[in-house]
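Trainee: Got a sequence here, can you model it:
(chains A and B)
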Amino acid sequence: MLRRKIYNMNLNELTIKEAQEGLQKKKFSSVELTQACLNRIKERNKVLNAFITIREAEALEEAAAADKLLQTKKAGPLTGIPFCIKDSIATKGVRSTAAAKILDNYIPPFDATVIKKIREQGGVLIGKNNCDSFGHGASNENSMYGPVKNPYDLTKVSGGSSGGTAAAVADNMSIYGIGEDTGGSIRQPSSFCGLVGLRPSYGRNSRFGIMPMASSLDIVGPMTKTVEDAAIVMEEIAGRDPLDATTVPDKVGKYTASLGKSVKGLKIGVPKEYFEVAGMDKEVEKIVRNQIDKLVKMGAKVKEVSLPHTKYAIAVYYIVVPSEVSSNFGRLDGVRYGVRSEAKNLFDLYTETRAAGFHEEVKRRILIGTYALSAGYYDAYYKKAQQVRTLIRADFDNVFEEVDALITPTSPFPAFGIGEKANDPLALYLADILVSPAGVAGVPAISVPGGTTKSGLPVGVQIMGARMNEEMLFNIGNNLVE
Amino acid sequence: MAITIEEVKKIANLARIKLTSVEEKRHAETISVVLDYMKILNEVDISGVEPTSQVTGLEDVVREDVPRGCEIRKELLGQLPKMKNNELVVPAVFE
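Mentor: Below is the predicted model of the structure:
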């Protein structure tokens, strides 16, 4: 985020790259780095509510072990670097609630594959972040552990659903974070909190251990202070996983190598539909247009393009996602794990457990999905949505014949007020209008900081690319932020 | 309204979620607004369009069928909300 390099920065303010260098040159230890983050958490979490679980003693133990590992040749790029994780991602031995009371006591006996990759190389897990319950929301107000506040303005939302992770990294409580994105849950909070957030291509990273929301859209990715950091994390977490049959066999790219490249000659599309949505904030549009001009000055060829089915993405998203939710959430019944409401018969055990353990929005999505999949409505809702999903995918396939990438705002507006949209579910759904299409189509998209409004709120620029072309996003994103 | 309180009661029953009457009313109202919005899809010509259920194009992904151990048996059992003699306890299915 238009980040100034200050020589005597506090350790918790460092990027991954800076922390790596400091650890390698022994300027500081992982224990010192971790302590700096924990101190910041102690000071700020009561204000921001970004963490549900904080691992003070355990993190310091992991940091001490990492310091030993750093003396050997076995250290990896993320060894000794403190990070935090959205609470809907399973972490071995660490409570993972998904910000839902039904999992208030849940301690997974395994790590999600992406998390395992980081922890096995000595990444220091400092805590689990607040989020919208099971990822259902765009403001972090649908948490059963209270909303997360935006570090730039405490009266505003952090965005969602990975809002706690965004606030934690933006407020320097953690060096970086791992979030999950179904239809914008990494990019939109990253935009609201002035961070870099990457939604990788669907299938690029393993979903094993990610509590499922909509299995055909969910993907896990990095939330970082710089584009370079996002590339560093992706090189470590991406790849095929035998435990997730939807991961692709494509070779993982050398993402950090794409950072130094120029945008000269690249063809970049500006999809007109993304600038015509209702409620587009003039200041946001101006900031994004300025970034587009910057690319032109750097030698990119920018042209207006059209993705005609963009305006149907939210309707498709809010049929397909609740349908998959209603099916996926059958497992959350209080029988084998989680918080059970005891009852005299099994039927009441199910209905009372789910009544007490789910947030209102989770219930709403299960109900919408159950309705859309029920006899008599299946063709009118679910099947039709899947057909329009094909047309949205085709829009992207067609446009990437013409251009190398697309550039748009991440959100039509900067962070909105806490409570402002809380009683209007549809208004909150529509907040995802510019981020849900990439989720529906499974293409990669990154949000990078583009500037701030006059009132000091960050504005994100979204860059979308063709499937499996994360390198293009890192290249363009890095040129914009540099 | 696109969906009535009676229909909400019916789907809540199918979805195994107990709702209060206040919740039933609120869900009927808010879900009706959402379903009304979905009508936007009626504008689209979908004749002959194949539905998308996945985006990777991968098919028949299999792995070797080799037995593996389960080293986390104890931790898994530790998650059971109610247990007796190492077995899961639930209320009787039949009265």
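Trainee: For the residue nearest to residue A:199 when sequence neighbours are not counted, give me its contacts.
Mentor: Leaving aside its chain neighbours, residue A:199 sits nearest to residue A:181 (4.0 Å; criterion: C-beta to C-beta, 6 or more residues apart in numbering or on different chains). For glycine as for every other residue, the C-beta is placed from the backbone atoms N, C-alpha and C. For residue A:181, the contact set (C-beta atoms under 8 Å, 6 or more residues apart in numbering or on different chains) comprises A:162, A:187, A:197, A:199, A:218-221, A:439.
Trainee: hmm, the helix or strand residue A:388 falls within touching chain B?
Mentor: Residue A:388 belongs to helix A:384-402 when elements are defined using DSSP states H and E. Yes - judged by C-beta under 8 Å from any C-beta of the partner chain, helix A:384-402 comes into contact with chain B at A:384-391, A:393.
Trainee: Please pick the buried ones from the residues you listed.
Mentor: By neighbour count, with 16 or more other C-beta atoms under 10 Å in any protein chain shown, these hold A:384-391, A:393 as buried.
Trainee: For the residue of chain A most remote from its centre, give me the pLDDT.
Mentor: Each residue of chain A has a distance to the centre, and by C-alpha atoms, centre = their mean the biggest one is for residue A:344: 40.8 Å. pLDDT for residue A:344: 92.
Trainee: and it, how far is that from chain B?
Mentor: 6 Å (C-beta to the nearest C-beta, to the nearest Å).
Trainee: That residue in helix, strand or coil?
Mentor: Put simply, residue A:344 is coil when judged by DSSP: H, G, I helix; E, B strand; the rest coil.
Trainee: related to what we said a few turns ago, tell me which strands and helices the helix holding residue A:388 is in contact with?
Mentor: strand A:267-271, strand A:301-305, helix A:313-328, helix A:436-441 (3 or more C-beta pairs under 8 Å, 6 or more residues apart in numbering or on different chains; DSSP states H and E).
Trainee: If we use 7 Å, what do you get?
Mentor: Here helix A:384-402 is seen to pack against strand A:267-271, helix A:313-328, helix A:436-441 when contacts are counted using 3 or more C-beta pairs under 7 Å, 6 or more residues apart in numbering or on different chains; DSSP states H and E.
Trainee: Could you identify which of these is most buried?
Mentor: helix A:436-441 (a mean of 29; mean count of other C-beta atoms under 10 Å in any protein chain shown).
Trainee: List of residues touching that helix?
Mentor: Outside helix A:436-441, the residues that touch it by C-beta atoms under 7 Å, 6 or more residues apart in numbering or on different chains are A:181-184, A:199, A:217, A:310, A:313-314, A:316-317, A:389, A:392-393, A:396, A:445, A:464, B:55.
Trainee: before we move on, the earlier item: using TSV, lay out the helices and strands packed on helix A:384-402 together with distance to residue B:10.
Mentor: Formatted as TSV, these follow (distance: least, C-beta to C-beta, whole Å):
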stretch	distance to residue B:10
strand A:267-271	41
helix A:313-328	14
helix A:436-441	29
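Trainee: of those, which approaches residue B:85 most closely?
Mentor: helix A:313-328 (31.7 Å; C-beta to C-beta).
Trainee: isn't residue A:130 right next to residue A:99, touching?
Mentor: Yes - using C-beta atoms under 7 Å, residue A:130 is in contact with residue A:99, at 5.8 Å.
Trainee: Which neighbours do these two have in common?
Mentor: A:52, A:87, A:143, A:145.
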